[in-house]
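Engineer: Model the structure of this input:
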Amino acid sequence: MKKTFVLLTALLATTFAGNKTFAQDQDEDLVAVYRWFNNEDKNFVTVADGEFQEGQLLNWNWKDKTLLFFAYRNPGQDRVAIYSWFNPLTKDQISIAEDEFTDNQMLKMGYAQKRLQYYALTRRGANVVAVYRWNKGVDWIIIPEEGNTDAYFKKNYKRKTFQYFGIVRSVDAKIYNQL
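Structural biologist: Residues are numbered from 1 along each chain as shown. Modelled structure (predicted):
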């Protein structure tokens, strides 16, 4: 009886430890995606957590940090790479899914300095939000469907274009199974 109890306790402990490790691995693969605003240039930028140090962004006059959604750090099934491009003439930064424009098209539009930001979902699932790109002249902004889109429409942002899906998480949630 004692051997059975010890064996059962060891088995349960291993199972719980394995589940905790799995949850931590999933959590570490997620990255928060924020939007910042530069009042000087009247421009928005989308930044994955850890892409730049927060002090750098503040030093470059970016403020009003707003959490948009969560994405993945690593590639996987049903995920698309999101790249940041910068236009030195307009000082505009845009986040583009790898299949939206070719590199040649982006270069012809004056963008350069392509760098990988994160991986986003390509399919709707539980706890996800559709993410759209809005355009106003040379300015672009990324807005989740649950965001305050009316405020940007009033600021003359037009041409709402679907991009991908972001993960919605609350602070107390440890893991979501998206698909």
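Engineer: quick one: contacts for residue 63?
Structural biologist: 36-39 (Cβ atoms under 8 Å, 6 or more residues apart in numbering). Heads up, the C-betas are built off the backbone N, CA and C, glycines and all.
Engineer: which of the residues you listed count as buried?
Structural biologist: Buried members of these, counted by 16 or more other Cβ atoms under 10 Å: 36-38.
Engineer: Could you list the low-confidence segments of the protein?
Structural biologist: Within the chain, the segments meeting pLDDT under 70 span 1-27, 147-149, 170-179.
Engineer: Could you check how far the closest residue to residue 79 other than its chain neighbours is from residue 131?
Structural biologist: Leaving aside its chain neighbours, residue 79 sits nearest to residue 119 (4.1 Å; criterion: Cβ to Cβ, 6 or more residues apart in numbering). According to Cβ to Cβ, to the nearest Å, residue 119 stands 13 Å off from residue 131.
Engineer: Can you pick out the residue with more neighbours from those two?
Structural biologist: residue 131 (26 against 23; other Cβ atoms under 10 Å).
Engineer: before we move on, what SS does the more buried one have?
Structural biologist: strand (DSSP: H, G, I helix; E, B strand; the rest coil).
Engineer: Kindly state the beta-bridge partners for it.
Structural biologist: The residues listed as beta-bridge partners of residue 131 by DSSP bridges are residue 144, residue 164.
Engineer: Pretty sure residue 120 is one of the things it touches, is it not?
Structural biologist: Yes: with contact defined as Cβ atoms under 8 Å, residue 131 reaches residue 120; the gap is 7.0 Å.
Engineer: what sits in contact with each of these two?
Structural biologist: Joint contacts of residue 131 and residue 120 (Cβ under 8 Å, 6+ apart) are 163-166.
Engineer: Quick one: the residues you listed as CSV, columns for neighbour count and distance to residue 60 too.
Structural biologist: Output for the shared contacts of residue 131 and residue 120, formatted as CSV (neighbours: other Cβ atoms under 10 Å; distance: Cβ to Cβ, whole Å):
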residue, neighbour count, distance to residue 60
163, 20, 25
164, 24, 26
165, 25, 29
166, 24, 24
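Engineer: Mind putting these into CSV with distance to residue 154?
Structural biologist: Shown next, in CSV, are these (distance: Cβ to Cβ, whole Å):
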residue, distance to residue 154
163, 22
164, 25
165, 26
166, 23
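Engineer: Which helix or strand contains residue 70?
Structural biologist: Assigned by DSSP states H and E, residue 70 belongs to strand 62-72.
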